[in-house]
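Asks: Sequence first, predicted model second:
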Amino acid sequence: MAGQANGGQVTQPNSLNQGKYVGNPNHMNGGTMKLGGGLPQQSTPEYLKGFTPPQMNTMDSRRYTLDGQQLTGSSSYIGALTKHLNDTGQGHLLTGGTYTPPSTTQPVPTPIANPTTPAVQPPNINTLAAEGIRAAGTATGQGLGFTPQQVAVAGNSASVTPTNVVGSDVVNANVVGSNVNPALNAVTGSNVDASLNAVTGSNVDPSQYNVTGSNVDASANDVTGSNVAGSNIAATQVGQQNASPQVMAERLANTNMAQYMNPYTDQVIRANEVDVLRGANMGLDMLGAQAQAAGGFGGSRHGIAMGEIGRGMADTLARTSAGLRQAGYQNAQQAAGQDIANNFQSQMANQQGGQFDVNTNMQRQLANQGANLQASQQNQQNALQAGLANQQNTLQARLANQSAGMQGQLANQQNALQAAGMNQSAGMQGALANQADALRSQGMNQQYGMQGQLANQSNALQSQGMNQQYGMQGQLANQGNALQAALANQSAGMQSGLANQSNALNSALANQNFNFQGQRANQQAGQQDIANRLQAALANQSAGLSGNSQRMGAAQQLGGLANLGFNMGQTVNSNLAQQGAMQQALQQVILDNARAKFAGYTGQPAAGIGYLSQALGNTPTTNTQTLTKTPGLFDYLTLGASMMPGS
């Protein structure tokens, strides 16, 4: 028989031991009830005091060793038990060790929790993602409103104002020769009374023996200084330089993103779909096996669970595919942005190279201009020195020729005067000799008169000759003094004119050199100011672009991290929701099976009575049936409505 009579009672097999399933908290082993993970429901061991089993167990079944016994239990129960034993310092009971009761003299030490360690709240991925998005927006706003510090030029170069050099004119002093007065040297002879010695002689005509001196023409030997013409220096003009190449920044909106997309995106998405589908199939197989083991395969709950798994799989496929495509597009955006940044940097480098070439060309032209100006100044100085040397040589040659001509004319004039005097003396001696012969012929009576007259005439002639000689010498001396004074004045005037001309030329050259140096210094200072302003503008532009690029990159990175964290949070929440739905469905199936078994267990005595009656030969007996009902919500509502007055 299925049962045995024992004092009028029938002992039936334990219905809870039928249809064992994994994870049943009422799992029986050898007729002894186990707790949660398979511990017998007897007196609680000392090492399990304070242990709280988990409210919900997982559906798997694992073997483990506890206090030398081989037991089975779910992963959640084993994890909670392991944590409890490790916290109480008895983790060796899970590795083959046995429990040794403590002695009465040595109480079991109680682990003391660290009171200083605060409870760390696990981070919420959604909160972190929201904070990342907020930080990215703040950083992006700061980057858009970022204004770099402007580099100001220290100051403009001071202009050079050259001072003009004015040469001092040399004023020549005129030399005035002193005239000789021949009247001071007039000789007056003493007259002899010829009446006492009246001699009638022939008169000598002195007009035949007049000496005429040749005049010296000083105008023939005038010295004319040659003027030295200074050559003007024309500075080579520096031509206009070529403009630096313009930087044309590209935009991400105008960039073709197809060339930056990953060519293997579709293969990666298909591989991900295969992995998701394989995991879903494994979940469906496990769900079918569990439902079949529980006797609910093909039922509504099994279909609902399969539908939830399918919906989760579709959501996972859509979300992962969208995430992969979004990641591919973001990578393409980053690659395009990097190319745009590289292009911009190359254009900036080309612009700097062009500016360096312009600056080098400007320096080369300025160097050529300076070399041309120096060469022109040297040539002009050499030409001026050669002109001055030639002018000085010409003046010296003309002065030497003029001096030689004047000396030759003076020598010729002196020779002519001496010859005329000698001729006059010879003529006078001849006339006197003839007159003496005539006087001798007239007789000795006239000799004394003639001698007196001759003496008077001789004295007069000698006086006149001496006066004439002194007058000629005075005139010659006066003429020589006048010529020497004129020559000295002319030489002094020429020298002062040359000195004034040299001073004027030197002053003009010095002023021209100073003006050119001042203009060149001002030009170099202006070019340096322009270069400083350009460098400051380029530095400000580079600082602004670099700052905006760094902040936009940081904002993009924070946004990507926030998006990644948000997607991870959504994925975790979806996975948790799917797992909770699956566990809820499986727990519901377990509860339904347990309820059915419990109903079979409670209805077994009534069914046993019929079996007993059949065994006793169908003896008519009085059956008693007790019906029980558990009131529900509508029953309480109906009762409440019936108790209301007027119903």
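Replies: Perfect, I can see it now. Numbers count the residues shown, from 1 in each chain.
Asks: Report the mean confidence score over stretch 605-613.
Replies: Mean per-residue pLDDT for stretch 605-613: 71.
Asks: Break this protein into its domains for me.
Replies: When the chain is parsed with automatic domain parsing, its domains come out as 13-100, 264-578.
Asks: Which of these comes out lowest on mean pLDDT?
Replies: Comparing mean pLDDT across the domains of the chain, the lowest value falls on domain 13-100: a mean of 72.
Asks: list the contacts for Gly298?
Replies: Taking C-beta atoms under 8 Å, 6 or more residues apart in numbering as the contact definition, Gly298 lies against Ala291. Any C-beta I mention is one placed from the backbone N, CA and C, and that applies to glycine too.
Asks: Okay, it and Leu287: tell me how far apart.
Replies: Noted for Gly298: a distance of 12 Å to Leu287, by C-beta to C-beta, to the nearest Å.
Asks: Can you show me the strands along the protein?
Replies: Taking DSSP state E to define them, one finds strands in the chain at 4-6, 9-11, 28-29, 32-35, 39-40, 62-66, 69-73.
Asks: will you turn the domains of the chain into JSON lines that also has distance to Asp635?
Replies: Compiled in JSON lines, these are given as follows (distance: least, C-beta to C-beta, whole Å):
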{"stretch": "domain 13-100", "distance to Asp635": "29"}
{"stretch": "domain 264-578", "distance to Asp635": "26"}
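Asks: Give me the residues contacting stretch 315-328.
Replies: 261-262, 265, 268-269, 272-273, 276-277, 563, 567, 570-571, 574.
Asks: ok, and the closest non-adjacent residue to Ala280?
Replies: Using C-beta to C-beta, 6 or more residues apart in numbering and skipping residues adjacent in sequence, the residue nearest Ala280 is Met313, 4.0 Å away.
Asks: Hmm, I typed the wrong one, I wanted Thr140.
Replies: For Thr140, the nearest residue in space outside its immediate sequence neighbours is Ala555; the separation is 3.9 Å by C-beta to C-beta, 6+ apart.
Asks: Report the contact partners of the one you found.
Replies: With the criterion set at C-beta under 8 Å, 6+ apart, Ala555 makes contact with Ala136, Gly137, Ala139, Thr140, Gly143.
Asks: okay, now the third one: neighbour count?
Replies: The tally of other residues near Ala139 (other C-beta atoms under 10 Å) stands at 20.
Asks: For Ala332, give me its contacts.
Replies: Under the criterion of C-beta under 8 Å, 6+ apart, the contact list for Ala332 reads Met257, Tyr260, Met261, Asn262.
Asks: need the contact list for the closest residue to it other than its chain neighbours.
Replies: Taking C-beta to C-beta, 6+ apart, and ignoring the residues beside it in sequence, Ala332 has Tyr260 as its nearest neighbour in space, at 3.6 Å. Applying C-beta under 8 Å, 6+ apart, one finds that Tyr260 lies in contact with Asn331, Ala332, Gln333, Ala335, Ala336, Asp339.
Asks: Which of those residues are buried? Put it as a PyMOL command.
Replies: Selecting only the buried entries of the contacts of Tyr260 in PyMOL, with 16 or more other C-beta atoms under 10 Å as the criterion:
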select buried, resi 332+335+336
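Asks: Save the contacts of Tyr260 as JSON lines, and put in distance to Gln381 too.
Replies: As requested, these are exported to JSON lines (distance: C-beta to C-beta, whole Å):
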{"residue": "Asn331", "distance to Gln381": "73"}
{"residue": "Ala332", "distance to Gln381": "72"}
{"residue": "Gln333", "distance to Gln381": "70"}
{"residue": "Ala335", "distance to Gln381": "68"}
{"residue": "Ala336", "distance to Gln381": "66"}
{"residue": "Asp339", "distance to Gln381": "62"}
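Asks: among the contacts of Tyr260, which are in helices?
Replies: Cross-referencing the contacts of Tyr260 with the helices (criterion: DSSP state H) gives Asn331, Ala332, Gln333, Ala335, Ala336, Asp339 as the overlap.
Asks: hmm, which two among those are most spread apart?
Replies: Asn331 and Asp339 (12.7 Å; C-beta to C-beta).
Asks: Contact partners for the residue nearest to Ala305 when sequence neighbours are not counted?
Replies: When the adjacent residues along the chain are set aside, Ala305 lies closest to Ala585, with 4.1 Å between them (C-beta to C-beta, 6+ apart). The neighbourhood of Ala585, defined by C-beta under 8 Å, 6+ apart, consists of Arg301, Ile304, Ala305, Glu308.
Asks: how many other residues sit next to the first one?
Replies: Yep, that's Arg301 we're talking about. Should you count by other C-beta under 10 Å, Arg301 turns out to have 15 residues around it.
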